[in-house]
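Undergrad: Here's a sequence, model it:
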Amino acid sequence: MKSTSEKYDVIVIGAGNAAFSAAHGARDRGASVVVLEKAPAEWAGGNSYFTVGGFRAVVESLESLRPILDGVDDDRANATDLPPYSAEMFLKDMYTQTKGRCDPALTRILVEESAETIRWLHGKGIRWTLMYQGQSFQKDGRAKFWGGLYLGTVDGGKGLVRQHLAAAEAAGIEIRYDTQAEALCTDGTGRVTGVRCAGTDGRFEIDGNTVVLASGGFEADPRMRAEYLGPGWDLAKVRGTPFNTGDGLRMALDLGAAPYGHWSGAHAVAWDAAAPADGGDRELAYSLTKHMYPLGIVVNTRGRRFLDEGADFRGLTYAEYGGAILRQPGALAFQLFDAKTRPLLRADQYEGASVSGFEARTIAELAGELGLDPASLEATVEEYNAATREGSFDPAVKDGLGTVGLEPPKSNWALPLDTAPFYGYKVTCGITFTYGGLRIDDGGRVLDRRSRPIPGLFAAGELVGGLFYHNYPAGTGLTAGSVFGRRAGTSAAVESTAVESASAEGTAEARESAAV
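TA: Take a look at the predicted model:
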């Protein structure tokens, strides 16, 4: 194996939002940085590319956001209702969705640094807007935001990656594609000193004072999914990059890093059944998601409902409903809507030739289009309609318009499905990322099984464990990637400076000793 003569202060493994945040954090401290990405350049951005670009953050008011927003002029702002989203609300959502298991220290950092990190990214060239399409509904001529997730990057995940790349180039951060990190190099003391890589020209080593792992989880490895998530998970479709196969996790665990978090848990959503199986579509990206189920009902291949579509805002249920679909016969489900709610669906998710959708004049006809038993589906819809009640429907709040005596219930937004035409969409489970990962401290240092930092090793992004268990508040992953990416990159640069200083002192002492 050849060894390059190159040496960097900080080596970052991965090239998504967390990785670039780490690289920017390190460059802020003057470190030389190289980003290693095993995917080719045309797959730049990792899972971040496939997101809608949403960042959950503490928000005081719309006015407090105006200085960083694109596309929100005075007229639009004056017709927008955006309620505050406090640190207490963010913390509550984290603890509620994770059933109280999220790491308290990491969660507190995530919440308290969310707003400032958004502004830091804005200073790097990341452009922000309000997520009118996905996180607000029109009522009485006003855009009413809901659910606490307001901020998104211009042009979604594609724009986020493009802006990160431009910022990296401007900052002098080197990016190497087609470069797979295979193992971490260490010295005799156990300090991480570089990375063994495989590239188009063979295997080689790159030296570095510190290394930041930001290469995602293991969701694109069907064997690891079955091993850790359980039977059937090897059949889930991969929403994002096919290159997240657990390499960073394996390298760190081989060095004695502590596994942490929910290793049998994953973020998984309702995903278009016709989507590719082993990786996302770079053109359609987020559009293959089907997130508007709270406005309708969801049935399995037997034509029966199996979950509470209106349990909470979509952003607080969508990441666990993919797993619920996976557990159904054939790992398939069908989202049903009628003429009343169809206009409220996101056009980018429910229209176009790529969508597995059907329209019919009757429920029986729709069943035939979807390949379901007409009698069974008609019985389900009749039972559901009979359980609905009169009330005020409002998709921008948890309106309490729930069913009566129905199991499972629909707790909110339960309008009868009774107005033709009817619409059905065939969905399956799309896995986004895995929750199990490495244990880190508040500086992003990877800890070993005795809770000691592994010298020279840091981590950020989806391979950090301890934040998410069972479920997930929408938009938190990108925020966590940037908050802890920035911390990891900053800490790595500081430690690199200390390593260089110690090396210089050692060289000087050696020279003095030789002179004596």
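
Undergrad: quick one: contacts for the residue lying closest to Thr428 once chain neighbours are set aside?
TA: Spatially, and ignoring its direct neighbours in sequence, Thr428 is nearest to Ala273 (4.6 Å; CB to CB, 6 or more residues apart in numbering). Glycine gets a C-beta too; all of them are placed from N, C-alpha and C. Taking CB atoms under 8 Å, 6 or more residues apart in numbering as the criterion, Ala273 is in contact with Leu332, Ser356, Lys426, Val427, Thr428.

Undergrad: and of those residues, the nearest to Ser136?
TA: Val427 (23.5 Å; CB to CB).

Undergrad: who does the host helix or strand of the closest one pair up with?
TA: For Val427, the host element (DSSP states H and E) is strand 422-434. Paired neighbours of strand 422-434 in the sheet (DSSP bridges): strand 237-238 (parallel), strand 266-272 (antiparallel), strand 332-337 (antiparallel), strand 357-360 (antiparallel).

Undergrad: what stretches of the chain score poorly on pLDDT?
TA: 1-5, 353-354, 505-516 (pLDDT under 70).

Undergrad: per-domain residue ranges of it.
TA: 2-265+435-502, 268-431 (automatic domain parsing).

Undergrad: Among the ones you listed, show me which one is buried the most.
TA: domain 2-265+435-502 (a mean of 21; mean count of other CB atoms under 10 Å).

Undergrad: that older thread, who wins for proximity to Asn385 among the strands paired with strand 422-434?
TA: So among the strands paired with strand 422-434, strand 332-337 is nearest, using CB to CB, at 11.7 Å.

Undergrad: residues making contact with the closest one?
TA: By CB under 8 Å, 6+ apart, the list of residues contacting strand 332-337 reads 270, 273, 290, 292-293, 295-301, 306, 325, 345, 366, 370, 372, 381, 417, 422-428.

Undergrad: From these, which land in strands?
TA: Ala270, Ile297, Val298, Val299, Phe422, Tyr423, Gly424, Tyr425, Lys426, Val427, Thr428 (DSSP state E).

Undergrad: Tell me which two in the residues you listed are the farthest apart.
TA: Checking those with CB to CB, the most distant pair is Phe422 and Thr428, at 20.9 Å.

Undergrad: Validate this expectation: Asp9 resides in a strand.
TA: Yes - assessed with DSSP: H, G, I helix; E, B strand; the rest coil, Asp9 lies in a strand.

Undergrad: List the residues that contact it.
TA: Applying CB under 8 Å, 6+ apart, the residues near Asp9 are Ala26, Ala31, Ser32, Val33, Gly208, Asn209, Thr210, Ala492, Ala493, Ser496, Thr497, Glu500.

Undergrad: hmm, 10 Å instead?
TA: 26-27, 29-34, 208-210, 492-493, 495-497, 499-500 (CB atoms under 10 Å, 6 or more residues apart in numbering).

Undergrad: Check the spacing between it and Leu121 real quick.
TA: 22 Å (CB to CB, to the nearest Å).

Undergrad: Need the strands paired with strand 422-434 in TSV (columns: distance to Ala488).
TA: Putting those into TSV (distance: least, CB to CB, whole Å) gives the following:
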stretch	distance to Ala488
strand 237-238	26
strand 266-272	21
strand 332-337	38
strand 357-360	42
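
Undergrad: Between those strands, which one is closest to Gly71.
TA: That would be strand 266-272 among these, by CB to CB, at 26.5 Å.

Undergrad: Show me how far the closest one is from its chain's centre.
TA: Relative to its parent chain, strand 266-272 has a centroid offset of 11 Å by CA atoms, centre = their mean, to the nearest Å.

Undergrad: Stretch 367-375 now?
TA: On CA atoms, centre = their mean, the centre of stretch 367-375 falls 34 Å from that of its chain.

Undergrad: Also stretch 463-476?
TA: 8 Å.
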